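S.K.: structure for the following, please:
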Amino acid sequence: MDFFKEAHINLINNSKSVVRRDLIDEIDWDQRLIGIKGFRGVGKTSFLLDYLRENHPDPKDSLYINLNSFYFTGRKISGFADEFYKRGGKLLVLDQIHKYPDWAKELRNCYDWLPDLKIIFTASPVLRVFEGNDYLKNIAKVYHLPGLSFREFLNHQTKQNFQKITFEELIENHKNIAKDITQKVKPLAYFDDYLKHGYFPYFLDRQSYFSDDLLKHINLALEIDVTYLNQIELKYLSKLRKLLYIVANEVPFTPNISKISNEIETSRATVMNYLRYLKNARLINMLYENGDEDQMKKPAKIYLHNTNILNTVVPANADNAAYRHTFFYNQAGYNNTVKSADGFDFKINDHYNFNVGGKYNEPNKNGYAASDRIEIGHDRKIPLWLFGFLY
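M.R.: Below is the predicted model of the structure:
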C-alpha cells in the first residue's frame, strides 16, 4: 500500500496538465462507481490526474492505481480497496480495469461492501460494462472520453479559451460565432495540422513520432481490445488488419459485404461482426439509414473514426472528401445523432440535412452546406471547421 501511495504522490507532483478536458465538468462525480472509456492515447490517465489535482489534493484520501501492475495478479481488488478504506481512503482510481480478469465481480464487491468508498475506473471502449453483465447494471455510470475536438486543439495552440457550442447555436448563429472567433485567430491556419495529428493529445510531447505512436496504438487496439476482449483467436488478426486497411483506402464508401468477404477470405456474417468490433473499438464509424444501428443490417456508409487514423493508416490517401466527411462525422457525432439521408451526406438530429464539401459547396433548398476553406458562412452555408466547436 505504501508503495502505491508514494507512486501516486510522485505521479501527481511530477505530471502536468496538458489540455484540461470539459468532461471533468460534465461528470456527476457524486456517483459511487464511475467508468471512463476511451481509445488508447486519448488521455484517460491525464484526465484522471487532472481531476485528482483539482478535487482531491490531499493524498491521504485518494489513490491512483494502474492495473498493469503485476501486484494485482495475486491480490484481489476488493481486498486492496478494503485495506485502503480502513486507512482513511475515500476515492480509489483504477486505471485499465480490463487488465484484471474478474473486474466486474470485484467492482460489485467493492460497491456492496464499502458503501462510503468511491471508485473511478478506466477501460477500453470495447469493454462491455453492462452488456451481458449483471454485476454493474444500475450501479455504474459510464462516460466516454473522446480525443481532442478542433476547439480544444485550437485553444491549446493559440492560448485562447473558446467555449463549446450546441448544434442549435451553430445552426442559428454560426455567422456571428465565426466572426467572433476569426477576429482572434485564423482557424484555417491550424485546421490541416489538426486533421493530421490534433485528435490525440500525445502530439504535444512527441509530434515527430506521432504516426509511429498512433500506429502502435491502432495495432494494440486490434491485438488486445478487439481480439482479446471479444475472444477472437489471434490467428484472425491479419483479417481484421486487412479489413481496416480496405476501409481506410475507400472511405467514405458504401460497403459491398460480399466483395469484402472474398478479399479477406471469411464469411459475410463474420465481416459484419468484424465491422461492429472495429466500430466499438473507435476505429471506424458506420452510417445507417435509420440510425438504429441494427447490427444485422449493412451500414449505408463506412468511415474511419477520425482523420488522424485516416492519415496514419493510409498516408498516401490525400482525398479531401475523405478528410472532410470523416471530420464532420467525428465532431458532429459526439453529442448528436448522425444518419444517412437521400440526396445528402448526413442527417443530424433527425432534422438537418447536410452536404459536406469544399469552399464552393452550396446548400440546396432542403438542406445545409458544411464548406471547407471558408472562414465565415452565410444563411445555410456553414464553415466546416466550426463543427469542431461542438464539444
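S.K.: so how far is Ser340 from Lys164?
M.R.: 26 Å (Cβ to Cβ, to the nearest Å). Where C-beta positions appear, they are placed from N, C-alpha and C, glycine not excepted.
S.K.: now do Gln231
M.R.: 32 Å.
S.K.: the two: who's more crowded?
M.R.: Neighbour count, other Cβ atoms under 10 Å: between Gln231 and Ser340, Ser340 has more, with 17 against 6.
S.K.: secondary structure element for the more buried one?
M.R.: Using DSSP states H and E, Ser340 sits within strand 338-341.
S.K.: what mean pLDDT does that strand have?
M.R.: For strand 338-341, mean pLDDT rounds to 94.
S.K.: from the contact counts, what lies against it?
M.R.: Here strand 338-341 touches strand 284-287, strand 344-348, going by 3 or more Cβ pairs under 8 Å, 6 or more residues apart in numbering; DSSP states H and E.
S.K.: report the residue ranges of every domain in the chain.
M.R.: Following automatic domain parsing, one gets these domains for the chain: 2-144, 150-389.
S.K.: related to what we said a few turns ago, CA-only coordinates of the strand holding Ser340, as CSV, when you get a sec.
M.R.: Extracted C-alpha coordinates of strand 338-341, given in CSV (Å, rounded to 0.1, in the frame of the first residue of the first chain):
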residue,chain,number,x,y,z
VAL,A,338,-26.0,11.1,-37.3
LYS,A,339,-27.8,9.2,-40.0
SER,A,340,-27.7,8.9,-43.8
ALA,A,341,-30.3,10.8,-45.9
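S.K.: what sits up against it?
M.R.: Contact with strand 338-341 is made by 287-291, 300-301, 329, 332, 346-348, 350, 353, as judged by Cβ atoms under 8 Å, 6 or more residues apart in numbering.
S.K.: try it again with 7 Å
M.R.: Outside strand 338-341, the residues within contact range by Cβ atoms under 7 Å, 6 or more residues apart in numbering are 287-291, 300-301, 329, 332, 346-348, 353.
S.K.: in the stretch 101-250 of the chain, which spans are strands?
M.R.: 118-123, 141-144 (DSSP state E, counting those that start in this stretch).
S.K.: walk me through which strands the strand holding Ser340 pairs with, and which way each runs.
M.R.: strand 344-348 (antiparallel) (DSSP bridges).
S.K.: any regions of the stretch 151-300 of the chain where pLDDT drops low?
M.R.: 290-296 (pLDDT under 70).
S.K.: same thing but 90
M.R.: 202-209, 224-225, 228-231, 234, 250-253, 289-298 (pLDDT under 90).
S.K.: okay if I get the contacts of strand 338-341 as CSV plus neighbour count and distance to Pro115?
M.R.: Shown next, in CSV, are those (neighbours: other Cβ atoms under 10 Å; distance: Cβ to Cβ, whole Å):
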residue, neighbour count, distance to Pro115
Leu287, 23, 44
Tyr288, 16, 42
Glu289, 16, 46
Asn290, 10, 43
Gly291, 14, 40
Ala300, 16, 47
Lys301, 19, 47
Tyr329, 25, 42
Ala332, 24, 41
Phe346, 24, 46
Lys347, 20, 45
Ile348, 23, 42
Asn353, 19, 50
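S.K.: wait, which of the residues you listed is closest to Leu195?
M.R.: Tyr329 (13.2 Å; Cβ to Cβ).
S.K.: what about the closest one, distance to Gly89?
M.R.: From Tyr329 to Gly89 the distance is 42 Å (Cβ to Cβ).
S.K.: and for Leu204?
M.R.: Relative to Gly89, and taking Cβ to Cβ, Leu204 is found at 32 Å.
S.K.: Ser15 now?
M.R.: Distance, Ser15 to Gly89, using Cβ to Cβ: 21 Å.
S.K.: adding distance to Leu310, write the helices and strands packed on strand 338-341 out as a markdown table.
M.R.: Listed next are those as a markdown table, based on distance: least, Cβ to Cβ, whole Å:
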| stretch | distance to Leu310 |
| --- | --- |
| strand 284-287 | 10 |
| strand 344-348 | 16 |
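S.K.: and these: which comes nearest Glu54?
M.R.: Nearest to Glu54 among these is strand 284-287 (32.1 Å), distances taken as Cβ to Cβ.
S.K.: mind listing what's buried in that closest one?
M.R.: 284-287 (16 or more other Cβ atoms under 10 Å).
S.K.: and for stretch 264-276?
M.R.: So for stretch 264-276, counting by 16+ other Cβ under 10 Å, buried means 264, 266, 270-272, 274-276.
S.K.: contact partners for Pro255?
M.R.: Contact partners of Pro255, counting by Cβ under 7 Å, 6+ apart, are 298-299, 302.
S.K.: pLDDT score for Pro57?
M.R.: pLDDT at Pro57 comes out at 88.
S.K.: who touches His8 in this structure?
M.R.: Counted by Cβ under 7 Å, 6+ apart, His8 has contacts 59, 63-64.
S.K.: and if you look at His56?
M.R.: Neighbour list for His56: 62, 91 [criterion: Cβ under 7 Å, 6+ apart].
S.K.: also the one 5 residues further on?
M.R.: Applying Cβ under 7 Å, 6+ apart to Asp61 gives the contacts 88-91.
S.K.: redo those residues as TSV? Include secondary structure, neighbour count and pLDDT.
M.R.: Shown next, in TSV, are the contacts of Asp61 (DSSP: H, G, I helix; E, B strand; the rest coil; neighbours: other Cβ atoms under 10 Å; pLDDT from 0 to 100):
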residue	secondary structure	neighbour count	pLDDT
Gly88	coil	9	94
Gly89	coil	21	95
Lys90	coil	15	96
Leu91	strand	18	97
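S.K.: adding distance to Thr227, write the residues you listed out as JSON lines.
M.R.: Output for those, formatted as JSON lines (distance: Cβ to Cβ, whole Å):
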{"residue": "Gly88", "distance to Thr227": "41"}
{"residue": "Gly89", "distance to Thr227": "35"}
{"residue": "Lys90", "distance to Thr227": "37"}
{"residue": "Leu91", "distance to Thr227": "33"}
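S.K.: fine, thanks again, bye for now.
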